[in-house]
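Q: Below are the sequence and a predicted model; questions follow.
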Amino acid sequence: MFAEIGSKIKRLRTEKELTLKELSNLTNLSVGFLSQLERGLTTVAIDSLDNISKVLDVEIGYFFQMNKETGNIVTKSYERKIVFMDKDNFIQYHLSANLYDKKLFPRIVEILPKKGNEKVNLYGHEGEEFVYILEGILTYYYSGERYELYPGDSVHINSTSSHNWENNTGKTVKLIMVSIPNQFSEPGN
């Protein structure tokens, strides 16, 4: 999957006659990272891929094999789309077969244990997020507060306020996340 995303990025970049350095300057992503991404050697966070898609003038859904015409309302567990994110710190599974005409973006996220003393950067963005903990203990930051969330706990926020999460345990944390806006929907939905 990553090789396919990388080759699509490279094709669009060369069609637009951009060098890796120029794409790096436009996206604030390093040349080395972009080179590895184009060769399918690394994963990409959804917000970074969204940034790349805007620079390359395509919708983010272009990078995924989603069929606008399926009309599927049911997604079987074996049909889930998988996207590895954040340099392997977490794994995201799309829970919808067709995200093009939907406002919500539902997914299951598995957050791997924190590596060393990584600093958690808080950020805000347009929209709204709902998180429900399935397994493990999640440390959640929101507007200067820290929360420990356990299985069965949930959080529902306006995502314009600063927020983020981390896994400070030795086990994987599994959660359901639903957010608005859906980065895969067509404009106007």
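A: Done, it's in. Numbering: from 1, shown residues only.
Q: can you map out the helices along this protein?
A: 2-15, 20-27, 31-38, 46-55 (DSSP state H).
Q: Tell me where this protein is predicted with low confidence.
A: By pLDDT under 70, the weakly predicted segments of the chain are 1-2, 61, 64-72, 79-88, 97-100, 184-189.
Q: Next, name the residue at the spatial heart of it.
A: residue 46 (3.1 Å; CA atoms, centre = their mean).
Q: The residue nearest to residue 151 when sequence neighbours are not counted: what's it in contact with?
A: The shortest distance from residue 151 to any residue other than its chain neighbours is 5.3 Å, reached at residue 133 (CB to CB, 6 or more residues apart in numbering). Every C-beta, even on glycine, is put in place using the N, C-alpha and C of the backbone. Applying CB atoms under 8 Å, 6 or more residues apart in numbering to residue 133 gives the contacts 149, 150, 151, 152, 153, 154, 173, 174, 175.
Q: From these, pick the one nearest residue 93.
A: residue 174 (9.8 Å; CB to CB).
Q: Now do the strands in this structure.
A: 81-85, 90-94, 105-111, 128-135, 138-142, 145-149, 154-158, 163-166, 173-180 (DSSP state E).
Q: Other residues contacting the shortest one?
A: Contacts of strand 163-166 with the rest of the structure, by CB under 8 Å, 6+ apart, involve 111, 114, 118, 120-124, 129, 131, 138-143, 157.
Q: Kindly recompute the last result at 7 Å.
A: The set of residues that contact strand 163-166 without belonging to it, under CB atoms under 7 Å, 6 or more residues apart in numbering, is 111, 114, 120-124, 138-142, 157.
Q: Out of the residues you listed, who's the most crowded?
A: Of all those, the most densely surrounded is residue 138 (24 neighbours; neighbours counted as other CB atoms under 10 Å).
Q: Quick check: beta-bridge partners of that one?
A: Legend: beta-bridge partners of residue 138 under DSSP bridges are residue 149.
Q: what's residue 110 in contact with, if anything?
A: When contacts are counted by CB under 7 Å, 6+ apart, residue 110 is found next to 90, 91, 172, 174.
Q: Could you turn the buried ones of these into a ChimeraX selection?
A: Typed into ChimeraX, the line below selects the buried ones among these, using 16 or more other CB atoms under 10 Å:
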select :90,91,174
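Q: any chance of the contacts of residue 110 in JSON lines, plus distance to residue 41?
A: Listed next are these as JSON lines, based on distance: CB to CB, whole Å:
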{"residue": "90", "distance to residue 41": "19"}
{"residue": "91", "distance to residue 41": "17"}
{"residue": "172", "distance to residue 41": "24"}
{"residue": "174", "distance to residue 41": "27"}
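Q: Nearest to residue 52 among the contacts of residue 110?
A: Distances from the contacts of residue 110 to residue 52 were compared by CB to CB; the smallest belongs to residue 90, at 19.1 Å.
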